[in-house]
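Q: Prediction below, plus the sequence it came from.
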Amino acid sequence: MLVIVTYDVSTETREGRRRLRRVAKLCEGVGQRVQKSVFECQVDLLRFEELERRLLEEINKEEDNLRIYRITEPTRLHVREYGCFRALDFEGPLLA
């Protein structure tokens with residue numbers, strides 16, 4: 001399944017800046033960054049639940065914001081891209 005993870009972590013404190021780095025690192029390990037705080041992740045249900053659990057452990061619910069969107073299949077009908085960035089096609093061939 002395609003999952004979009006977005007977050008806004010408060011960076012006013014040193015701990016907030018550390019949380020931001022940890023959240024970004026978690027997302028980088030699972031998906032591709034499409035904007036500064038937005039990641040696309042192609043995961044199965046087990047990996048999705050693990051990612052969600054780990055992100056919830058990192059954020060401060062009083063100061064931060066986390067949103068996770070599950071994009072329904074077929075994704076090509078639900079995702080439109082504009083501009084110069086082109087996301088990886090997780091379903092396409094590995095080599096062009």
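A: Everything's here; your move.

Q: which residues in the chain form strands?
A: Assigned by DSSP state E, the chain shows strands spanning 2-8, 31-35, 38-42, 65-71.

Q: With mean pLDDT as extra columns, can I get the ones you listed in JSON lines?
A: Below are these laid out as JSON lines (pLDDT from 0 to 100):
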{"stretch": "strand 2-8", "mean pLDDT": "95"}
{"stretch": "strand 31-35", "mean pLDDT": "93"}
{"stretch": "strand 38-42", "mean pLDDT": "94"}
{"stretch": "strand 65-71", "mean pLDDT": "94"}
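
Q: Give me the number of neighbouring residues for the nearest residue to residue 48 once chain neighbours are set aside.
A: Closest residue to residue 48 apart from its sequence neighbours, by CB to CB, 6 or more residues apart in numbering: residue 3 at 5.9 Å. No exception for glycine: its C-beta is placed from N, CA and C like everyone else's. Neighbours of residue 3 under the rule other CB atoms under 10 Å: 19.

Q: Tell me how far residue 3 lies from residue 82.
A: Separation of residue 3 from residue 82 (CB to CB, to the nearest Å) stands at 21 Å.

Q: now do residue 9
A: To residue 82, residue 9 is 27 Å away according to CB to CB.

Q: Between these two, which is the more surrounded one?
A: residue 9 (21 against 5).

Q: For the more buried one, which residues are in contact?
A: Applying CB atoms under 8 Å, 6 or more residues apart in numbering, we find residue 9 in contact with 16, 19, 20, 23, 37, 59, 60, 63, 64, 65.
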